[in-house]
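In: Predicted model, plus sequence, below.
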Amino acid sequence: METVILERRGGELRITLNRPDAMNAWNKQLGAELLAAVREAEDDAVRAVVITGAGRAFSSGADLKAGFDPTPAGHPDVETVLHDVYHPIITGLRELPKPVLAAVNGPAVGIGCSLALAADLIVAKESAYFLLAFVNIGLVPDGGSSLLVPERVGLARAAEMAMLGERIGAKQALEWGLVNRVVADDGFDAAVDELAAKLAGGPTTAYAGIKRQLNAWLFARMAEQLDLEASIQQQSAASGDFQEGVLAFLEKRPAAFEGR
C-alpha cells in the first residue's frame with residue numbers, strides 16, 4: 001500500500017491515511033487501500049483498531065482535483081463510488097466486532113469527518129476541527145454522516161453542521177458530544193497510545209457485544225440511510241450548483257450558487 005500505512009502493535013492495528021501532501025484527501029487509490037485495510041482488521045489477531053492521518057490532517061475529504069468518473073449522462077458518478085467503496089468502509093468499521101478509535105490529529109473534513117464519526121471512540125488534538133464541507137460545494141452529507149452526526153449531537157446541531165458548513169473546533173466538538181476526548185497537541189500521541197493499548201488489552205468479547213447493542217439500537221436502518229444518501233448525492237452532483245461549487249473551490253473564490 002502507498003496511501004495507507006498499516007502497523008501491527010501487538011493486538012492493535014493502526015491504520016494511517018498517507019497522502020500528507022494532499023492533507024490525506026481521498027482519491028481512488030486511497031479508497032481502495034483503506035477498504036483493504038478495514039478488511040484486514042477482521043483478522044482475529046486484531047483486538048483494536050486505530051485510524052489516524054499522516055502529517056497535519058486527519059483527512060480533508062474527497063480529492064476534488066482528482067475528478068470523478070462520469071455517468072452515461074455525463075454527470076459525476078458519485079453514487080457508484082459511495083456504494084462500492086465508501087459504504088463498505090463505514091459499515092465495516094461500525095460492524096467490526098472490536099473497538100475502533102479515531103485519532104483525529106488535524107482537520108477532519110467531508111468524508112474524512114464521516115470516517116472519524118464511524119469509529120466507536122474519537123480522540124482529537126486540541127488544534128483539530130470537524131467540518132461537513134459538502135454544502136460548500138453544493139452537495140449533501142454522505143459517508144453516513146447524515147446518520148452519525150445527529151446520533152451524536154442531535155437535530156439542531158446536525159442541521160447547523162450540514163447546512164452552514166462551518167468548522168467545529170475540537171473543544172466545541174467535545175462540548176457538543178461529537179468526540180470523546182480532546183488532548184493538547186504535545187500530549188496527543190501518548191494519549192492515543194495509552195488508550196489504544198487499553199482497548200487492545202481489554203475484553204474483546206464484551207466490546208463486540210457492546211457494539212452489537214449500540215448498532216441495533218442506534219443504527220438499525222444504516223444501510224437504508226446510506227442508500228438514501230447516495231441517491232440524493234447523485235442528484236446533487238448533477239446540479240449546476242455542484243459544478244459551480246467545485247470550480248469555485250479550485251479557483252479559491254466564493255461560490256455563486258443559483259439554486260439549480
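Out: Great, that's in hand.
In: Averaging pLDDT per element, find the lowest-scoring helix or strand in the chain.
Out: Within the chain, no helix or strand scores below helix 240-251, which has a mean of 92 by mean pLDDT, DSSP states H and E.
In: The stretch 1-150 of the chain: strands as residue ranges?
Out: 4-9, 12-17, 48-53, 100-104, 108-109, 121-125, 129-131 (DSSP state E, counting those that start in this stretch).
In: Ok, the stretch 151-260 of the chain next?
Out: Assigned by DSSP E, counting those that start in this stretch, the strands in the stretch 151-260 of the chain fall at 168-169, 181-183.
In: Figure out which of the ones you listed is closest to residue 151.
Out: strand 168-169 (15.7 Å; Cβ to Cβ). Where you see a C-beta, it was placed from the backbone N, CA and C, and this is true even at glycine.
In: who's in contact with that closest one?
Out: By Cβ atoms under 8 Å, 6 or more residues apart in numbering, the residues outside strand 168-169 that reach it are 128, 129, 130, 131, 161, 176, 178.
In: Direction included, what does it pair up with?
Out: strand 129-131 (antiparallel) (DSSP bridges).
In: What residues of the strand it pairs with count as buried?
Out: Buried positions in strand 129-131, judged by neighbour count with 16 or more other Cβ atoms under 10 Å: 129, 130, 131.
In: of those residues, closest to residue 197?
Out: Top of the list for closeness to residue 197, among the buried residues of strand 129-131 and by Cβ to Cβ, is residue 130 at 25.5 Å.
In: and that closest one, what is it in contact with?
Out: Contacts for residue 130 (Cβ under 8 Å, 6+ apart) come out as 104, 108-109, 113, 116, 124, 161, 167-168, 170, 173, 178-179.
In: so what pLDDT did it get?
Out: If you check residue 130, the pLDDT there is 98.
In: For it, which residues count as its bridge partners?
Out: According to DSSP bridges, the partner residues bridging residue 130 are residue 108, residue 168.
In: and it, how far is that from residue 222?
Out: Plainly put, residue 130 is 20 Å away from residue 222 if you go by Cβ to Cβ, to the nearest Å.
In: one step back: drop anything exposed from the contacts of residue 130.
Out: Buried, going by 16+ other Cβ under 10 Å: 104, 108-109, 113, 116, 124, 161, 167-168, 170, 173, 178-179, out of the contacts of residue 130.
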